[in-house]
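[1] Dropping a prediction and its sequence here:
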Amino acid sequence: MFREMRRNKQLLSMEDTISVMGRCTNGVLACLGDDDYPYAVPVSYVYYNEKIYFHSAKAGHKIDAVAKNPKVSFSVIDEDTIVSKEYTSYFRSVIAFGKARIAEGDERIEAFKALVEKYSGDQPEEAKLKEIMGCMQSYIFAIDVEHITGKEAIEYVRAKSK
């Protein structure tokens, strides 16, 4: 159903792919927008329990697009170093495909806790709990990941094999 990566020598292991997802702080959600134009929007996220979670206002382009068609892709760039003398950049990135939905109940609370921990882990526990329990003005979306791959520049692959 999903294409295999053409340059499979550059494929990251699943462990490295998950590490990238944990390190990055924002990604790009891509979905089918108005009049079937692609709609790609940057979001803060957390990769938790093999799902991607992000928060959203309860109205807007993201909500409308996902309601119309829940199939999405999500990408992150972990590294992108320009190497001008080689006319290239050394990169590491991940792309995931799946279906987005609104998380509810215990899943919503657990995902919200994971988001708060990722972005505000240094805050007092009481403040974090208050934020989690008091925030009802936003949705928490879950992307049920169906396929995920990471890729890195061939130069990184070569450096590992030395």
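    Received it, and whenever you're ready, just let me know what you need.
[2] going on from the biggest helix by length in the chain, what's the next piece of helix or strand?
    What stands out as the longest helix in the chain, according to DSSP state H, is helix 105-120. The C-terminal neighbour of helix 105-120 among helices and strands, as given by DSSP states H and E, is helix 125-134.
[3] starting at the chain centroid, how far to that following helix?
    On the basis of C-alpha atoms, centre = their mean, to the nearest Å, helix 125-134 sits 24 Å off its chain's mean C-alpha point.
[4] Just give me how far the very next helix or strand once past it sits from the chain centre.
    Note on helix 125-134: by DSSP H and E, the next helix or strand toward the C-terminus is strand 138-152. Here the centre of strand 138-152 is set off from its chain's centre by 5 Å, with C-alpha atoms, centre = their mean.
[5] Ok, stretch 100-115 next?
    Centre-to-centre, stretch 100-115 and its host chain are 15 Å apart (C-alpha atoms, centre = their mean).
[6] State the mean pLDDT of it.
    On average, the pLDDT along stretch 100-115 is 94.
[7] Can you pull out the residues in contact with the lowest-mean-pLDDT helix or strand in the chain?
    Within the chain, no helix or strand scores below helix 125-134, which has a mean of 82 by mean pLDDT, DSSP states H and E. For helix 125-134, the surrounding residues in contact (C-beta atoms under 8 Å, 6 or more residues apart in numbering) are 109, 112, 113, 116, 117, 120. The way it works is simple: take the backbone N, C-alpha and C, and place the C-beta from them, glycine included.
[8] Likewise for stretch 79-96?
    Stretch 79-96 has contacts (C-beta under 8 Å, 6+ apart) with 12, 17, 20-21, 24, 52, 73-78, 143, 145, 147-153, 155-156.
[9] Now, of the residues you listed, which are buried?
    Buried members of the contacts of stretch 79-96, counted by 16 or more other C-beta atoms under 10 Å: 12, 17, 20-21, 24, 52, 73-74, 76, 78, 143, 145, 148-153, 155-156.
[10] Report the buried residues of stretch 155-162.
    Neighbour counts over stretch 155-162 (16+ other C-beta under 10 Å) mark 155, 156 as buried.
[11] I would like the C-alpha coordinates for it, written out in PDB, please.
    Extracted in PDB, the C-alpha atoms of stretch 155-162 (Å, rounded to 0.1, in the frame of the first residue of the first chain):
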ATOM      1  CA  GLU A 155      27.100  11.100   3.700                       C
ATOM      2  CA  TYR A 156      25.800  10.200   7.200                       C
ATOM      3  CA  VAL A 157      25.400   6.600   6.100                       C
ATOM      4  CA  ARG A 158      29.000   6.500   4.800                       C
ATOM      5  CA  ALA A 159      30.300   8.100   8.000                       C
ATOM      6  CA  LYS A 160      28.700   5.300  10.100                       C
ATOM      7  CA  SER A 161      30.300   2.500   8.000                       C
ATOM      8  CA  LYS A 162      33.800   3.900   8.500                       C
END
